[in-house]
Structure formats: structure tokens, C-alpha cells
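Asks: pasting the sequence and the predicted coordinates here, then a few questions.
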Amino acid sequence: MLIESLKSLGARSLKDGSQDKLSISQVESELNVKFSDSYRSVLESYENSIVFDHGAIYKPVEKSPVDNTDGFQSLEMLYGLQGDSNLVSRNKMYKGQIPKECVVIGESVGGNQVCLSRASGKVYFWFHEAEIEDHSLFEVAESVNNFIEGLLPDDMQNSDKREIDESGSFLDF
């Protein structure tokens, strides 16, 4: 069911030329996490990081400083098993920045991260500009399955939805 949800958003593997592929068991061992069977299927199906031809947005449970006026946030990509943006390399990149109980699984707008709690299995948005670590996580979904199933196409990806001013530039505000 998760794969069908992703397909409806035009999900595709991000090809970056890297041939090194990690196994799911390697990733889980390295990151000290256990993924759900359905999320494991997603990782196996796409292998590389996942990007969205139709854009992807989600509505978090808790409001954050970067929600749009309708309460949504953009999802840029979900990290995969292979390539420069694989799960292990991205978690190494954010080690010491992301709260220890979390594993990064994707990137949101502005370099913020989508995280999975090792303890609860909940999905969080990590706001990298938070002044206090205690105020950097915002709950997004009860589980990674709920998170992926709740993704919606980003209507702003379609240029006919944007206003164009006289200079021809797009106005997103």
C-alpha cells in the first residue's frame, strides 16, 4: 500500500551514479533501528533516494515554524539504500545535531529533516534553526506508514497554480 501511495505522487529513484548499495539489515544495524515490513519494501523497491515528480506535501500533527498558510510542509526526498543521499550517510551528516533518539529518513524544505523515533516509531520534523534542542522536533505522524500514506501532491508544483507578475517571475507568497 505504501508503494501505491508513492506512485500516485510520481515517486521515482534519484539516480546519482553510485553503485554501492547497502542492505536493509546493514542500515538497521548501523543506525540501531528496526523498520516496518512495509517501509522495508519501499526501500527495497526504490533502492536510491525517492523524489517526487508531482511534489509531495504533508500536514504535521504539531504546527512548526515552516508550515505554509494551510498547515502543510513540503517533502523534498526520502533517503534510500544507495547513492550519496543514503540513510547511513545522511545520518552520519546530522549526527550530533539531530536528537539522539531519532534517525533521519528524509529531507523537508530548507534542509530540515524528517526523522523517525527509534523508541516510539513516530515521525517528526526537525527544525534545524531552533534555538533550543528541546524545541526542534515537531510530531508529524504516528508511524512511517501513516506518514507515507498521508502524503499529498503539491499543487504548487504545477505552474498554472502560481501567479505570474509582469516581470514573468513566479510569486509563491
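Replies: It's in.
Asks: for V51, which three-state class applies?
Replies: Under DSSP: H, G, I helix; E, B strand; the rest coil, the three-state class of V51 is strand.
Asks: and it, how many residues sit next to it?
Replies: Per other CB atoms under 10 Å, the neighbour tally for V51 reads 21. Just so you know, the C-beta spots here come from the backbone N, C-alpha and C atoms, and that holds for glycine as well.
Asks: what of the one 10 residues further on?
Replies: Other residues near V61 number 14, with proximity taken as other CB under 10 Å.
Asks: three-state assignment of the residue nearest in space to the middle of the chain?
Replies: Residue closest to the average C-alpha location in the chain (CA atoms, centre = their mean): G106, at 2.9 Å. Assigned with three-state DSSP, G106 falls in the strand class.
Asks: I figured it hits S74, correct?
Replies: No - applying CB atoms under 8 Å, one finds G106 not in contact with S74, separated by 10.8 Å.
Asks: what residues are up against the residue nearest to the centre of the chain?
Replies: Under the criterion of CB atoms under 8 Å, 6 or more residues apart in numbering, the contact partners of G106 comprise 75-79, 113-114.
Asks: cool, F52 as well?
Replies: Residues near F52 by CB under 8 Å, 6+ apart: 9-12, 75, 77, 153-154.
Asks: let's go with 6 Å and repeat that
Replies: Taking CB atoms under 6 Å, 6 or more residues apart in numbering as the definition of contact, the neighbours of F52 are 9-11.
Asks: what sits against the nearest residue to it once chain neighbours are set aside?
Replies: Once its chain neighbours are removed from consideration, F52 has its nearest residue in L9; the separation is 4.7 Å (CB to CB, 6 or more residues apart in numbering). Counting by CB under 6 Å, 6+ apart, L9 touches 52, 54, 56, 151, 153.
Asks: can we see that at 10 Å?
Replies: For L9, the residues meeting the contact criterion (CB atoms under 10 Å, 6 or more residues apart in numbering) are 50-57, 75, 148, 151-154, 157.
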